[in-house]
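Asker: pasting the sequence and the predicted model now:
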Amino acid sequence: MSKIRNSEFANPGKNPGGGRTVSRFLTGFVVTLFFAPFSFGAPELSEFMADNRYALDDEDGDSEDWIELHNPGRSPVSLGGYFLTDDPLDLTKWQIPAFTLSSGEHLVVFASGKDRTDQVGEWHTNFRLARNGEYLAPVAPDGASLITEFSAYPFQP
């Protein structure tokens with residue numbers, strides 16, 4: 001499976017998206033978030049980048065926006081049925097495919113508007129993130145309970 005996982009960032013110089021090194025990752029502005037998950041066993045939104053120019057390329061070689069999910073718990077978490085959205089009026093905008101995130105593991109989902117959920121390739125939401133800030137939320141499988149909510153994240157230069 002070619003999902004981008006935290007172990008792929010452990011080797012400096014190795015970038016799953018192309019020839020750019022991990023050190024360039026630091027040249028982009030990253031909003032890092034440390035929020036308690038909605039409930040025990042829920043994934044958390046740990047980081048996102050709304051103006052990715054140099055940090056990470058997708059499988060097409062494009063520098064797309066991205067969202068990182070993290071399992072802070074001690075047990076694996078099934079992501080199937082959770083949602084990501086950039087619209088407070090459409091909490092089920094993009095459903096995360098069935099996938100198990102191991103304890104301590106991270107997963108990158110590109111926010112490119114390409115809408116891809118192929119189990120073999122990278123995942124892409126059906127929306128992009130606005131550089132100047134907008135709504136962003138991961139949503140529980142019930143389609144109504146917010147895990148974390150950002151009514152307007154800050155501008156990302």
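Answerer: Arrived safely.
Asker: so in the chain, where's the weakest helix or strand by average pLDDT?
Answerer: helix 22-25 (a mean of 34; mean pLDDT, DSSP states H and E).
Asker: so what's residue 103 closest to, chain neighbours aside?
Answerer: Using CB to CB, 6 or more residues apart in numbering and skipping the chain neighbours, the partner closest in space to residue 103 is residue 74 (5.2 Å). (Glycine included, C-beta is placed from N, CA and C.)
Asker: which element, helix or strand, includes the one you found?
Answerer: Element membership for residue 74, per DSSP states H and E: none, as it lies in no helix or strand.
Asker: and for it, the neighbour number?
Answerer: When counting by other CB atoms under 10 Å, one arrives at 9 neighbours for residue 74.
Asker: hmm, residue 105 and it touching each other?
Answerer: No - at 11.8 Å, residue 74 does not count as touching residue 105 under the criterion of CB atoms under 8 Å.
Asker: quick one: low-confidence parts of the chain?
Answerer: Counting by pLDDT under 70, the chain shows low-confidence ranges at 1-40.
Asker: residue nearest the middle of it, spatially speaking?
Answerer: Nearest to the mean C-alpha position of the chain, counting by CA atoms, centre = their mean, stands residue 67 at 2.2 Å.
Asker: pretty sure that residue sits in a strand.
Answerer: Yes - assessed by DSSP: H, G, I helix; E, B strand; the rest coil, residue 67 belongs to a strand.
Asker: contacting residues around it?
Answerer: 45, 47-48, 84, 108-111, 125, 129, 136 (CB atoms under 8 Å, 6 or more residues apart in numbering).
Asker: dump those residues to a markdown table, plus secondary structure.
Answerer: Converted to a markdown table, the contacts of residue 67 look like this (three-state DSSP):
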| residue | secondary structure |
| --- | --- |
| 45 | strand |
| 47 | strand |
| 48 | strand |
| 84 | strand |
| 108 | strand |
| 109 | strand |
| 110 | strand |
| 111 | strand |
| 125 | coil |
| 129 | coil |
| 136 | strand |
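Asker: export these to TSV and tack on distance to residue 118 and neighbour count?
Answerer: Below are the contacts of residue 67 laid out as TSV (distance: CB to CB, whole Å; neighbours: other CB atoms under 10 Å):
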residue	distance to residue 118	neighbour count
45	22	22
47	23	16
48	21	24
84	16	25
108	15	24
109	12	26
110	12	26
111	16	26
125	13	27
129	21	24
136	23	26
